[in-house]
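Undergrad: From the sequence below, what's the structure:
(2 chains)
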Amino acid sequence: DVKVTQSSRYLVKRTGEKVFLECVQDMDHENMFWYRQDPGLGLRLIYFSYDVKMKEKGDIPEGYSVSREKKERFSLILESASTNQTSMYLCASKWSRVWTEAFFGQGTRLTVV
Amino acid sequence: KQEVTQIPAALSVPEGENLVLNCSFTDSAIYNLQWFRQDPGKGLTSLLLIQSSQREQTSGRLNASLDKSSGRSTLYIAASQPGDSATYLCAVLHGSSNTGKLIFGQGTTLQVKP
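TA: You can find the predicted model right below:
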């Protein structure tokens, strides 16, 4: 079974802190994605990576950066956390071939106080 | 810009009823469409994947159809059960072959009453 693992289920951080959200997949997938999910707004794409060290901005990249040094790991970084970044963060991965399905992690509920 | 819409936003049905969830997208240039289930506070579980060249896919009591030219997909759930209560999301894979992005609808929250 494909496994996509996010490092934390719940996180509480203070305003201004640098926050790292980690995602690891075990299926040698080329593509990895970070989304945030908010009530009434649905899932919005923050960043995605189509291969190691490759990244592209999604629809809402402001306030975030990403790192993909190894194929299995995709990190989302909040440089200086703010209260409006309180959200559910979801990581996904898939092979690059377009006929393959995407798999999601269990989500990280981040609260910034 | 690709936009995905799901109607209705919420649905409540009695157990045993057959039901249809709708998904529409504005740009027919998609590679595939995927249906997911999400339980409260959890991640997404993949239910069905339909390729752009396919018309439908079936898994157990679930059947998903795709009409790419009209920009529509439906998820049919037969003989609904209380355990089917969840939010159902559709997503289209859109973009280039190497950097396709999954674009989501806002979901339909289903409640199946015993």
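Undergrad: what's the neighbour count on residue 89?
TA: In the absence of a named chain, chain A is used. Applying other C-beta atoms under 10 Å in any protein chain shown, we find 24 other residues in the vicinity of A:Tyr89. Placement of C-beta: from N, CA and C, glycine included.
Undergrad: was after chain B, sorry
TA: The local packing count at B:Leu89 equals 25, with neighbours defined by other C-beta under 10 Å.
Undergrad: Contact partners for it?
TA: Remark: with contacts taken as C-beta atoms under 8 Å, 6 or more residues apart in numbering or on different chains, B:Leu89 is in contact with A:Gly42, A:Leu43, B:Gln6, B:Trp35, B:Phe36, B:Arg37, B:Gln38, B:Leu44, B:Phe104, B:Gly105, B:Gln106, B:Gly107.
Undergrad: Identify the spatial nearest neighbour of the first one, chain neighbours not counted.
TA: Looking back up the chat, that one is A:Gly42. Leaving aside its sequence neighbours, A:Gly42 sits nearest to B:Gln106 (C-beta to C-beta, 6 or more residues apart in numbering or on different chains; 3.9 Å).
Undergrad: wait, the one you found sits on B:Gln6?
TA: Yes: contact between B:Gln106 and B:Gln6 holds when scored by C-beta atoms under 8 Å: they sit 5.8 Å apart.
Undergrad: Comparing those two, which residue is more hemmed in?
TA: Shown here are B:Gln106 and B:Gln6; by other C-beta under 10 Å, B:Gln6 has more neighbours (22 against 19).
Undergrad: Next, find the distance separating the more buried one from chain A.
TA: As for B:Gln6, its distance to chain A is 9 Å (criterion: C-beta to the nearest C-beta, to the nearest Å).
Undergrad: now swap in B:Pro82 and tell me
TA: Taken as C-beta to the nearest C-beta, the span from B:Pro82 to chain A is 23 Å.
Undergrad: mind checking the backbone torsions on the nearest residue to A:Cys91 once chain neighbours are set aside?
TA: Spatial nearest neighbour of A:Cys91, excluding adjacent residues (C-beta to C-beta, 6+ apart): A:Cys23 at 3.4 Å. Per-residue torsions, A:Cys23: phi -140, psi 130 (degrees, to the nearest 10).
Undergrad: which of the contacts of B:Leu89 has the most neighbours?
TA: For the contacts of B:Leu89, neighbours were counted using other C-beta under 10 Å, and B:Leu44 has the most, 28 neighbours in all.
Undergrad: Alpha carbons of the strand ranked longest in chain A, in PDB - could you do that?
TA: Scanning chain A for the strand with the most residues, using DSSP state E, yields strand A:42-51. The C-alpha coordinates for strand A:42-51 follow below in PDB (Å, rounded to 0.1, in the frame of the first residue of the first chain):
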ATOM      1  CA  GLY A  42     -12.000  24.000  -0.100                       C
ATOM      2  CA  LEU A  43      -8.500  22.700  -0.900                       C
ATOM      3  CA  ARG A  44      -6.100  25.300  -2.300                       C
ATOM      4  CA  LEU A  45      -2.700  24.400  -3.800                       C
ATOM      5  CA  ILE A  46       0.200  26.100  -2.100                       C
ATOM      6  CA  TYR A  47       3.200  24.500  -3.800                       C
ATOM      7  CA  PHE A  48       4.000  21.400  -5.800                       C
ATOM      8  CA  SER A  49       7.100  19.600  -6.800                       C
ATOM      9  CA  TYR A  50       7.400  17.500  -9.900                       C
ATOM     10  CA  ASP A  51      10.800  16.100  -9.100                       C
END
